[in-house]
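Q: Fold the following, please.
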Amino acid sequence: MKLAYDENEKSEYRIAMRPNILNNLVIAYAVSDSVSIASAYFKEVENDLENYTTGNNRDYYIEASKQLAKAKENYSEALKYGKEHLKLKKSQDGFVEIYNAEKFLADVYMAMGEIDNSNQHLNAYYKKPQNCFKKRKILSILSAL
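A: This is a model prediction of the structure:
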């Protein structure tokens, strides 16, 4: 991601691509225990919130915010962004994203010691693939008719 970020800065399309790349760079550093580096890059995001939090860039911002908050062990903020992310992905019907959002919330609740809430999201996490496969099987049977 760092190489992509550096190369993008030389590109004529850098303004359009920077929010995606920069937020993904924040995520990469946050999940690899480089919180201070992730925080430094996130300051660039915070300095231009209008550009980084609107339109399609909102998805990237929410994902980076939740991952950084979790890495900083700021679980209430991670939970806030995690719930927003799940709601957004459900409205977009993004299977993989919903699946990952459920697992993220389960992990945050577990870190907070809220076992029941964690289990609720783990159940949704494990149930999602089963529902998807059932739906695909039904659709394939119907399309064969």
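
Q: Quick check, central residue of the protein?
A: Nearest residue to the geometric centre of the chain (Cα atoms, centre = their mean): Glu63, 3.3 Å.

Q: For the closest residue to Lys90 other than its chain neighbours, give its distance to His121.
A: Nearest non-adjacent residue to Lys90, counting by Cβ to Cβ, 6 or more residues apart in numbering: Ile98, 5.9 Å away. The C-beta positions use only the backbone N, C-alpha and C, and glycine is treated the same way. Taking Cβ to Cβ, to the nearest Å as the measure, Ile98 falls 11 Å from His121.

Q: The residue nearest to Lys90 is in contact with Leu88, isn't it?
A: No. Using Cβ atoms under 8 Å, Ile98 makes no contact with Leu88, being 9.8 Å away.

Q: Mind checking which of these two has more residues around it?
A: Between Ile98 and Leu88, counted using other Cβ atoms under 10 Å, the more crowded position is Ile98 (20 against 17).

Q: Which pLDDT value goes with that one?
A: Ile98 is assigned a predicted lDDT (pLDDT) of 90.

Q: that older thread, tell me the helix or strand right after the helix or strand hosting the residue nearest to the centre of the chain.
A: Under the criterion of DSSP states H and E, Glu63 resides in helix 57-71. Once the chain leaves helix 57-71, the next helix or strand it forms, by DSSP H and E, is helix 75-92.

Q: mind listing what's buried in that next one?
A: For helix 75-92, the neighbour count (16 or more other Cβ atoms under 10 Å) marks 75, 77-83, 85-86, 88-89 as buried.

Q: Against which helices or strands is the helix holding Glu63 packed?
A: On a contact count with 3 or more Cβ pairs under 8 Å, 6 or more residues apart in numbering; DSSP states H and E, helix 57-71 meets helix 14-31, helix 35-46, helix 49-52, helix 75-92, helix 95-111.

Q: would TSV of these with distance to Lys2 be doable?
A: As requested, the helices and strands packed on helix 57-71 are arranged in TSV below (distance: least, Cβ to Cβ, whole Å):
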stretch	distance to Lys2
helix 14-31	6
helix 35-46	9
helix 49-52	18
helix 75-92	23
helix 95-111	23
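
Q: Can you tell me the closest non-neighbouring residue to Ala101?
A: Take Ala101 and drop its neighbours on the chain: the residue closest to it by Cβ to Cβ, 6+ apart is Leu86, 4.0 Å away.
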